[in-house]
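> dropping the sequence and predicted coords here.
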Amino acid sequence: MDYKALAEQLVNKCLKKGAVLAEVYIESGRNLSIEVRNGEIETVQESATHGAGFRVFVQERMAFSSCNDFTDNALNNAIESAIRFAANTTPDENNVLPSDKSFAEVRGLFDPQISQIPMEKKIELAIKVEQLAMKDSRITKSSGASYSEGEGEVFIANSNGLLKSFKESGCGFGVSVVAEKDDQKSTGGEYCSRRFYADLKPPEEVAQKAAKDAYQMLDPRMVKTQKAAVIFDPDVARSVLGGILAAVNGERVLQGASFLRDKMDQKIASELVTVIDDGTRPRGIRSRPFDGEGVPTQRRVIVEKGILKGFMYNTIVAKRAGVKTTGNASRGGFTSIPGIGAHNFYMDAGKSSPQDIISATKTGLLLKGITGYGINPVNGSFSGGASGFWIDSGKIAFPVKGLTVAGNAFEMFNGIDMVGNDLDLNRSFTGPTIRIKLLQIGGE
Amino acid sequence: MNIKKYFVEGIPRRKFLEASLKGGIALAATPSLMMQLLSCKGVEKGSAKIAVDPQVLNRVIQKALEKGGEFADVYLENRISREILMEESKFKSAVFGISQGAGVRVISGDKTGFAYTDDITEEKMMRAAEVASFVAKNGQPVGLVKVKKESRKSYVTVKLPLGAVADEKRIDIMKRANQAALDYDSRIQMASISYYDEVRGRTVANSEGLILSDELPLLFFIVQTLGVGNNTRHMGRERLSRHSGFEMFEEVTPEEVAQTCARESIAMLEAKDAPAGIMDVVMQNGWGGVLVHEAVGHPLEGDVIARQTGVFTGKQGKKVASDVFTMVDDGTLPNFRGTTNFDDEGTQMKRNVLIQDGVLVKFMTDVLSAKQLKMERTGNGRRESFRYIPIPRMTNTFIEKGKDKPEDILASTKSGLFVQSLSGGSVNPVTGMFNFTCREAYLIEDGKKTAPVKGATLIGSCLDVISNIDAVGDDLDFGPGICGKGQIAEVTAGQPTVRIRGINVGGSRARR
């Protein structure tokens, strides 16, 4: 099917049926997922699919519809439903569509090889990684290993004459295992995902990390409730970054629902902290040439040496704020209107090695796992369940589980006094090892 | 379709754990104004019923079992949805969804093959059947199965069908909620009102000769309010959801929902830092049941038991909880958010007592785990849409009411934390370690609820928590939620007021 031509035709159809402005977003794709356990296939799922979303503006009122049936009848019905539905929304002069026809050049988003590699090889990879992870005698059970891949193509056309498309691919594999000792159980899992099949890590590396995460947490101890240094491993970088990401959402800022709402160009973190959002990184798992409404993506500094430098916008919210869109319109697929979201969002690397950070810590917690919702974007409060290792005199002493950590965003950001050099940009929402000088830890 | 789901997200471990290990009422807890509802699918023309020739389904099932396998099913779905968002007193967006498709599944031994199609045509369904049969290599083909119509008892009644409701009525409900929220207190700076409804038409046919169809309405109404105080801000949230017609809003008014939400926003503006460490916790009746949904419910799902990794593996018939603890999953509570007439594999819904007076009685199964465990099918085989395979999921899960008076439970607790509502949480069903985030909580001092405290995390292990519940109230109540386990499902969680001795609370200050 020529989706590009179809997208253009459908824009015209929207206008003919009464829309003043219209945008058509089409996705098509296929996916494959293989799950194995104990050396045998557990599930194989494979499908191809497509769908279209229609955003229409009738006298500055916005509505949207979607459908996955591409017969004329169904498409007409969807467009008419959207136009009819628009009567319910409030007219807003900010309801506009982008017209920027330029592209950001982003290399390495599609690997034509993935679909050429035979299914058997992919099944073998999943079986292999499971086998390798089970090799250690401390590992007693497998929760399963998997391989998955997808290919997709996105088409956006709008009534300002914008017409763009790009193709992307992704693949990944991983394993999850259980270590047991007496009555204790401990789980570990690792996953590697890439744009290109050839870039996947060797299964040995993935298996080893999964197994180690499980067995090294056996025989955990409790510690007393206290304030101490907390070192965040890259595995838990998300718990710090997530709060920043939600709080720099331009719409939240306008609504007053962000703890960073009035902090632009002010110091919000220690000068060791630089946070970047990059939609253009070659082969980046969340890179793309344009955002969810067709605006070119960019590399943006969000926090520079502790100073807040940028909020994120899509076209409508940017107009309302009186700024230019930042290319951060995000879509949850063809069924949703564009929201605001990040691309490859990460904290930049520092100078210390992770080992130096541990050595420099007299007493504290090396945080490897955290549960909960991270930093509350409205008021900045933070609380989570914690597991990892206790550090005594600059050395890892024993594993700890069942602890809590809590604080508030500014206390945490400003308390960052060491930043690691171990940034792995193949993970999309990540950071290096960081140390927060002092944080409340809950235990006995 | 969410194309992102095609790709394994670059959040390596976390994502993988989410998909394979963890249950979690994750979405439900998004403390976000922009909170997305269930992804919108679905479409129109009055009815969501699917007209399909049973002969076609017979042939698709035969094709699916052509290479062998013991069981095959076809699931057809048609969904029409409407979602309207009102924020800052403006109707910002209106989203209409139309989706349809069919999924074909083959079970051969412990293996499952699955494929779906957006087009409900014989050609595309036959193709899906062929792909799904991949797992059943070298088996014996089976003959043509004759599916025959069956019916199931109905637990979902509708007085005002959603398809017949004028959009103005939806808009009016939202305006009323918005006004009530803003009128509640001048410190309510903004309200976000989200309205969602859908009608999901389902047809299930399988190689056992079953064919079933129905139409399931769903309403989901969410109010969030931003309270602004001198030094802090708090986003409150209240939700109302049922499988029901529009009459839901006559039984619970939008004003009540908005006022409950606004009350939380204002109360929490006075919140102080929560204490850290192990303490007694009293949880108010209602949505707090999410704690046992996560901590006990997920580990009782048949898939983790069949894999022999679950924390309750081998514990059937054994004492796992205190005597006062009885836990039930009941998909038949009339019009509840977790209720259906039959699950997505066609199994009749029932009331399943999972733990009776502390003794583990039953696991929750789907077709596959029931077969693997040689247990009955409990009506817990559910799927997010035709794009997903069914897996064991909860429906309406709750702690059965006890004999204690809620006021006595509080009065007999010398000090600790009173949790009025939880955002949500998650569990590792293998180890049983869980976590929850409080939305609204207060200190307990000398048997009385005193100062409000900021959103703390509660953590612990499921076996400990159900052994440490020592008081169960007589005031059972429920709340609606979204459960995520690789795919999302609509559920309710419930409980009477309960007391749990000794949970670790993640506050930001040391205890005094």
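Received the coordinates, thanks.
> touching chain A at all, stretch B:125-135?
Yes - judged by C-beta under 8 Å from any C-beta of the partner chain, stretch B:125-135 and chain A are in contact via B:128, B:131, B:134, B:135. Glycine gets a C-beta too; all of them are placed from N, C-alpha and C.
> neighbours of the first one, how many?
This points to residue B:128. By other C-beta atoms under 10 Å in any protein chain shown, the residues close to residue B:128 number 29.
> same check on the last one?
Neighbours of residue B:135 under the rule other C-beta under 10 Å: 24.
> bridged to residue B:415, which residues?
Beta bridges link residue B:415 to residue B:445, judged by DSSP bridges.
> and it, how far from residue A:403?
21 Å (C-beta to C-beta, to the nearest Å).
> the two - which one has more neighbours?
More neighbours surround residue A:403 than the other of residue B:415 and residue A:403, with 26 against 15 (other C-beta under 10 Å).
> tell me the pLDDT of that one.
For residue A:403, the model assigns a pLDDT of 95.
> that one and chain B, how far apart?
7 Å (C-beta to the nearest C-beta, to the nearest Å).
> that residue: what secondary structure?
strand (DSSP: H, G, I helix; E, B strand; the rest coil).
> what does residue A:131 give?
helix.
> which residue is the nearest non-sequential neighbour of it?
Distances taken as C-beta to C-beta, 6 or more residues apart in numbering or on different chains put residue A:39 closest to residue A:131, at 6.9 Å, once the chain neighbours are dropped.
> burial of that neighbour, as a residue count?
13.
> any idea how far it is from residue B:304?
Where residue B:304 is concerned, residue A:39 sits at a distance of 19 Å (C-beta to C-beta).
> all helices of the stretch 251-400 of chain A, in order?
A:315-321, A:354-359 (DSSP state H, counting those that start in this stretch).
> residue of the stretch 51-200 of chain A nearest chain B, please.
Residue of the stretch 51-200 of chain A nearest chain B, by C-beta to the nearest C-beta: residue A:150 (2.8 Å).
> what is the neighbour count of that residue?
Neighbours around residue A:150, by other C-beta under 10 Å: 21.
> need phi/psi at it.
phi -150, psi 150 (degrees, to the nearest 10).
> report the beta-bridge partners for it.
Going by DSSP bridges, residue A:150 forms beta bridges with residue A:31, residue A:170.
> that one touches residue A:28, doesn't it?
No - if you go by C-beta atoms under 8 Å, residue A:150 and residue A:28 don't touch, sitting 11.4 Å apart.
> can you pull the domain assignment for the chain?
You didn't say which chain, so I picked chain A. A:3-215, A:220-444 (automatic domain parsing).
> oops, I was thinking of chain B
Split by automatic domain parsing, chain B gives B:31-270, B:277-506.
> stretch B:65-73 vs chain A: in contact?
No - Stretch B:65-73 is not in contact with chain A by C-beta under 8 Å from any C-beta; minimum separation 12.3 Å.
> other residues contacting the helix or strand that contains residue B:353?
Using DSSP states H and E, residue B:353 sits within strand B:351-356. Residues outside strand B:351-356 that contact it (C-beta atoms under 8 Å, 6 or more residues apart in numbering or on different chains): B:296-297, B:300, B:320-321, B:325-332, B:360-364, B:378-380, B:400, B:466.
> can we see that at 10 Å?
Identification of contacts with strand B:351-356 by C-beta atoms under 10 Å, 6 or more residues apart in numbering or on different chains yields B:292, B:296-297, B:300, B:312, B:319-321, B:325-333, B:359-365, B:376, B:378-380, B:394-397, B:399-400, B:466.
> can you give me the buried ones in that strand?
Under the neighbour-count criterion of 16 or more other C-beta atoms under 10 Å in any protein chain shown, strand B:351-356 has B:352, B:354, B:355 buried.
> could you do stretch B:272-288 as well?
Going by 16+ other C-beta under 10 Å, stretch B:272-288 has these buried residues: B:273-288.
> now swap in stretch B:333-340 and tell me
Buried-residue list, stretch B:333-340, by 16+ other C-beta under 10 Å: B:333, B:335, B:336, B:337, B:338, B:339, B:340.
> pull the number of nearby residues for the closest residue to residue A:246 other than its chain neighbours.
Spatially, and ignoring its direct neighbours in sequence, residue A:246 is nearest to residue A:377 (3.5 Å; C-beta to C-beta, 6+ apart). Neighbourhood size, residue A:377 [other C-beta under 10 Å]: 26.
> repeat that for residue A:95.
23.
> surely it meets residue A:316?
Yes - counting by C-beta atoms under 10 Å, residue A:95 does reach residue A:316; the two are 6.1 Å apart.
> what sits in contact with each of the two?
A:62, B:92, B:93.
> which ones among the residues you listed are found in strands?
When strands are assigned by DSSP state E, the members of the shared contacts of residue A:95 and residue A:316 inside them are A:62, B:92, B:93.
> show me what the last one is bridged to.
Spelled out, it's residue B:93. Beta-bridge partners of residue B:93, as defined by DSSP bridges: residue B:85.
> next, the contact list for it, please.
Residue B:93 touches A:55, A:61-64, A:85-86, A:88-90, A:95, A:316, A:336-337, B:83-87, counting by C-beta under 10 Å, 6+ apart.
> buried subset of the residues you listed?
Buried, going by 16+ other C-beta under 10 Å: A:55, A:61-64, A:85-86, A:88-89, A:95, A:316, A:336-337, B:83-87, out of the contacts of residue B:93.
> now do the contacts for the residue lying closest to residue B:296 once chain neighbours are set aside.
Excluding the flanking residues, the one nearest residue B:296 by C-beta to C-beta, 6+ apart is residue B:462, at 5.4 Å. Residues in contact with residue B:462 (C-beta under 10 Å, 6+ apart) are B:291-292, B:294-300, B:311-312, B:320-321, B:427-429, B:431-434.
> equivalent analysis for residue A:387, please.
A:186, A:217, A:220, A:236, A:365, A:367-371, A:399-403, B:433, B:459.
> ok so residue A:210 is a helix residue?
Yes - Residue A:210: assigned to a helix according to three-state DSSP.
> right, and it touches residue A:190 too?
Yes - with contacts counted by C-beta under 10 Å, residue A:210 reaches residue A:190, the gap being 4.1 Å.
> the two: who's more crowded?
residue A:210 (31 against 27).
> ok, that one - contacts?
A:129-130, A:132-134, A:136, A:139, A:142-143, A:145, A:174-177, A:187-191, B:13, B:16.
> re earlier: among the domains of chain B, which gets the worst mean confidence?
Among the domains of chain B, domain B:31-270 scores lowest, at a mean of 88.
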